[in-house]
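Undergrad: Task: produce atomic coordinates for the following.
(chains A and B)
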Amino acid sequence: MKSYLDLVSVSAKVHKRQNQMSVFCIVLAVFLVAVIFGMADMAIRSQIMQVYMEEGSWHAAFKGLSDEEARMISARPEVTASSWYGVLNYNGDQGYTLEGKNVVICGSEESWITKMHIGIIAEGAFPQKDNEVMITKNAKTMLGLDLGDPVTVDGPAGARLQFIISGFSEGSGKTMEEDSYGIFLTTGEFRSLYSTVINGEAADYNSLYYVQFSRHSNIKRVISDIKTQFGLSDQLSSENTKLLGLLGQSGNSFMIQIYGSAAVLFLLVLLAGIMMIASSLNSNVAQRTQFFGMIRCIGATPKQVMRIVQREALGWCRIAIPLGISMGIVVIWILCAMLRYLSPKYFGGMAVFGISLPAILSGICVGIMTVFFAARSPAKRAAAVSPLAAVSGTRNNLSPVHKAVRTPFKIETSLGIHHAVSGKKNFLLMTGSFSLSIILFLSFSVTVDFMHHSLRPLKPWTPDISIVSQDNSCSINSVLLDEVRRNPAVKRAYGRMFAYDVPALINGEVRKVDLISYEENQFHWAEDFLLRGSVDEVQQGENSGLIVFDRQDIVKVGDIVTLQTGNKSATINITGSLSSVPFNTAPGVGTIICSENTFRQLTGQTDYTIIDLQLSKNVSDSDVDEIHRLAGTGVTFSDKRSGNRSVIGSFYSFGIFIYGFMTVIALITIFNIVNSTAMSVSARMKQYGVFRAIGLTNRQLIKMITAEAFTYAIIGSIFGVAIGLLLNRYLYASMVTFHWGEQWKLPFTEMTVIVAIVILSVILAVQGPAKRIRNMSVVDTISNL
Amino acid sequence: MEILNVHHLSKIYGKGENQVNALKDVSFTLEQGEFAAVVGESGSGKSTLLNCIGALDSPTSGHICIAGKDLFSMKEEQRTIFRRRNIGFVFQSFQLIAELSVEENIMFPILLDYRKPDPTAVDEILEVLGLKDRRHHLPNQLSGGQQQRAAIGRALITRPKLILADEPTGNLDSKNSQDVVDLLVRASRHYRQTILMITHNNNLTVSADRVLRVSDGILTDWGGNENEKLS
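TA: Below is the predicted model:
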């Protein structure tokens, strides 16, 4: 032993068990911080990956620049990549086609693809010469093309553009869904397509200058500099808002609101960590008042006592911080593995054992700093212990008994309540840590609302592929439906027949309706939207239909509608109504849903307008190509997988982390309450021994502990819910109302869930101490008094 | 040489009707190497007197000077350092640090003073205490008498000018009680230390140079070891 501080390590070895609870508390606090920061880091990374895939990794785009000005921008030291980018025939209205299908023509420099859309090249390379072209890979499969093959794009006014294929790119959501092709040309070749423009400026070629900056630069400031330097108005510049937001570089007012909310949540997590550790250290110190008094007696200064307590706490950190961080990392790995499994296309690139540096650093910093700050209060308390405490031996204060006998409750309940409230600091820390759990839960629950507003989950009827009639008629052979159903890659296939703008006589008034057929699956999904009547009746019966609710509609359930199809007329009974359907109709046109049989009887049509396919899991592109070939080229083959993946990807990446946060907070609440209660009981064990000795039964003691724990829980819940609701409202206003205008409502479900968790945790928390009390030896417990 | 000078010391607890005058204008002095016993009824104020002299409690009025230094003119930090260098404490309930061995308990006050313990001084004390073969034992492996001897060792290690012992034999049988008192006397003679001991045991005052009696907060100096007067 060389220093008085060596007492700390000697003591730690002897009091391993007693210190475990304090260590556990620090582990929980560090875990909370590491896991939340790690999850936030991974969520941001996953979102950035998604933005890179969908939007690209550019930061700003400028319009109206000359080539010379563009060169000046690209020469700036902050710029890592830049490119002109223009599009022709985006809406399919400029007459460019390839083998009868629309072609979207993009012109850019190589860096647009290689630096701002990494991973888009499936095969080959970006065009190196003006006569070369990179084409979306759906053209490869459908047209049997290969690298080096010539390809001819038909242009407007009979022009024929000849190219050599230099590469294939991944298809975009747009081309896949519209069943069109996309080609990439060099900027020079792209500009030559504007035959009427001679020596024009970039603006004449409908091109924007896209710029990617170094992530270490102040992007917001650089964009503003460029705008000032070249006199560009806000209309002439745009930002990749989502990416800049995720990089923390956005000046967008909505993003600033989000940053504000993140700061509030960050502070809350920090505060929760401090509270939990302070409460645990406080209990630990409270148990050793006499010890600190004694070392004060033999000459320790208050500073030395503080150092002992702080050294003890930092010693616990040595075990607790690595443990907390490791647990956090494992949880993040699990969540990332879930993401990779659920959305491999988007998140396959995430490292299996990725390490989140912010999580580790924040865990260490917050752990040490929190322990250091949290230890100050109990250390001060220890240092303030009068040396008299050692000589007078007044550590077992029975003062609550005095007050308790005067309350209307039973003695054990009164004692429990008085135990809870008698030590002001302990009461404050315990109720504080309970209420902070509730505040955290209620605050983070706003992110769930944010998610539901910002993301639209896929509906059960969302198809992966739609085979659509090119002229919206019933022209898709019903045999095709049977054929695709037999394909093992297809999980579910269902068709719809449409008859548009059918004249209908409704209650003496002539109106137009769209008549649509449903089959079994679609009727089943429609049940969720049924307002009146029965779906079964329409599905099974003949000449009956469901009307879709429309404010102006004059059709009611029970009406008979006469439809004029071709040159014959037929009647249909309206036996039910639906609140909505997944497709839109023209204004003023009603919608009637009927069974396929009824549709065929009414219209005489037997084939489909659209066939929707839902694919099995792990379906490859070649499986889809096979279905495409089966459908042929006479239809629009709308591949919606990319768009669906985007929706699913966002939903999963957001959902997993948001629900992860909530679960972690709920678990921390449970552990914290159980641990705090156990520590509180440990601190009073000798006193309980005295109570047992003077005649309290075990049952009474357990009731006493229950009353104490419930006092913390009830007061903590009241404060937690009150402050939590205020924060919930503030965060809702910043994250939801600000953007979507929806007004705040009392989050009754969230309140009920967290208060129920607190109550159940208290019930659970009492079990351990109850067992200890039952096994307590009164003689041993009080022998050292 | 005068080691302790208590001058018009008063201590009042509470206010108004609840006011208790624990010490009333107490004055006395102790010389270097003197062994004084304080006797009195329970609640008479003897522990309050000891706590004030040990700077564990502050007096309402009056002065306490140890080796010429006024205890309560110092700041808290200074007073603590002064206490650990000049006053040794021996408690009724030993108050050893359970996690530390006998030897470590004895050297602990030296470590608190950021000094390196002198092994020969520690050995010498262990020898005097008769605890040499128990130096690596933990307090719970010792008898009550051995624990109290270790506590005395801890009080002696810094060579304090004054040792305050609050009923050091209260938890011991008569044989161990006499041993402990003999040890204190030996220390006072050997190291020329002044000892002020509270005791209920009249037999133990035989060894004291002086006996001070406290009754209702008033101190009476009974002079030399006149045991007959006490009984």
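Undergrad: what's the nearest residue to A:Ala683 if we skip its chain neighbours?
TA: The shortest distance from A:Ala683 to any non-neighbouring residue, by CB to CB, 6 or more residues apart in numbering or on different chains, is to A:Gln287 (4.5 Å). For every residue, glycine as well, the C-beta is placed using N, CA and C.
Undergrad: was I right about the one you found contacting A:Ser680?
TA: No - counting by CB atoms under 8 Å, A:Gln287 stays clear of A:Ser680, with 10.1 Å between them.
Undergrad: these two touch, right, B:Ser177 and B:Glu167?
TA: No - B:Ser177 lies out of contact with B:Glu167 (CB under 8 Å); the separation is 10.1 Å.
Undergrad: of A:Gln287 and A:Ser680, who's got more company?
TA: More neighbours surround A:Ser680 than the other of A:Gln287 and A:Ser680, with 24 against 16 (other CB atoms under 10 Å in any protein chain shown).
Undergrad: quick one: contacts for the more buried one?
TA: A:Ser283, A:Asn426, A:Met430, A:Glu708, A:Ala709 (CB atoms under 8 Å, 6 or more residues apart in numbering or on different chains).
Undergrad: Out of those residues, who's the most crowded?
TA: That'd be A:Met430 among those, by other CB under 10 Å, with 29 neighbours.
Undergrad: Next, that one: secondary structure please.
TA: Recorded secondary structure, A:Met430: helix (DSSP: H, G, I helix; E, B strand; the rest coil).
Undergrad: Contact partners for it?
TA: Counted by CB under 8 Å, 6+ apart, A:Met430 has contacts A:Ser279, A:Ala420, A:Ser676, A:Ser680, A:Tyr712, A:Gly716.
Undergrad: Going by distance to A:Ile506, which of the residues you listed wins?
TA: A:Gly716 (61.7 Å; CB to CB).
Undergrad: Please name every helix or strand in contact with the one helix or strand that closest one maps to.
TA: Assigned by DSSP states H and E, A:Gly716 belongs to helix A:698-732. Other elements packing on helix A:698-732 under the criterion 3 or more CB pairs under 8 Å, 6 or more residues apart in numbering or on different chains; DSSP states H and E are helix A:253-286, helix A:411-422, helix A:424-454, helix A:641-683, helix A:685-693, helix A:748-774.
Undergrad: for these, which one sits closest to A:Val153?
TA: That would be, of those and by CB to CB, helix A:641-683, which comes in at 22.9 Å.
Undergrad: pLDDT on that closest one, on average?
TA: Helix A:641-683 shows a mean pLDDT of 79.
Undergrad: got the angle for it vs helix A:411-422?
TA: Angle, helix A:641-683 to helix A:411-422, by axes from the mean of the first three to the mean of the last three CA atoms, to 10 degrees: 110 degrees.
Undergrad: Not counting sequence-adjacent ones, nearest residue to the closest residue to chain B within chain A?
TA: Nearest residue of chain A to chain B (CB to the nearest CB) works out as A:Gly299 at 2.2 Å. Distances taken as CB to CB, 6+ apart put B:Arg84 closest to A:Gly299, at 2.2 Å, once the chain neighbours are dropped.
Undergrad: now the helices and strands packed on helix A:698-732 in JSON lines, with distance to A:Gly566?
TA: Output for those, formatted as JSON lines (distance: least, CB to CB, whole Å):
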{"stretch": "helix A:253-286", "distance to A:Gly566": "53"}
{"stretch": "helix A:411-422", "distance to A:Gly566": "82"}
{"stretch": "helix A:424-454", "distance to A:Gly566": "46"}
{"stretch": "helix A:641-683", "distance to A:Gly566": "37"}
{"stretch": "helix A:685-693", "distance to A:Gly566": "91"}
{"stretch": "helix A:748-774", "distance to A:Gly566": "54"}
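Undergrad: Provide a list of residues in contact with the residue of chain A closest to chain B.
TA: B:Thr80, B:Ile81, B:Arg83, B:Arg84, B:Arg85, B:Pro109, B:Leu112, B:Asp113, B:Thr158.
Undergrad: name the element it belongs to?
TA: Applying DSSP H and E as the criterion places A:Gly299 outside every helix and strand.
Undergrad: For it, give its distance to B:Leu212.
TA: 25 Å (CB to CB, to the nearest Å).
Undergrad: Check B:Thr48 too.
TA: 13 Å.
Undergrad: Also A:Gly508?
TA: 121 Å.
Undergrad: Over to B:Val38?
TA: The gap separating B:Val38 from B:Leu212 is 5 Å, by CB to CB.
Undergrad: and what of B:Gly62?
TA: 16 Å.
Undergrad: before we move on, what about B:Glu77?
TA: 31 Å.
Undergrad: Tell me which residue is most central in chain B.
TA: Central residue of chain B (CA atoms, centre = their mean): B:Leu164, 1.1 Å from the mean position.
Undergrad: Excluding sequence neighbours, find me the nearest residue to that residue.
TA: In space, B:Leu164 is closest to B:Gly54, 4.9 Å off (CB to CB, 6+ apart).
Undergrad: B:Gly88 is in contact with the one you found, correct?
TA: No - the pair B:Gly54 / B:Gly88 is not scored as a contact, 9.5 Å apart, by CB under 8 Å.
Undergrad: So for the two, which residues contact both of them?
TA: Residues touching both B:Gly54 and B:Gly88 (CB under 8 Å, 6+ apart) are B:Leu164.
Undergrad: Looking at these two, which is more packed in?
TA: B:Gly88 (29 against 23).
Undergrad: near chain A at all, the helix or strand containing the more buried one?
TA: Using DSSP H and E, B:Gly88 sits in strand B:87-90. Yes - counting by CB under 8 Å from any CB of the partner chain, contacts between strand B:87-90 and chain A involve B:Phe89.
Undergrad: Counting by contacts, list what that strand packs against.
TA: helix B:144-156, strand B:162-166.
Undergrad: In its sheet, which strands sit next to the last one, and in what direction?
TA: If you go by DSSP bridges, strand B:162-166 pairs up with strand B:87-90 (parallel), strand B:194-198 (parallel).
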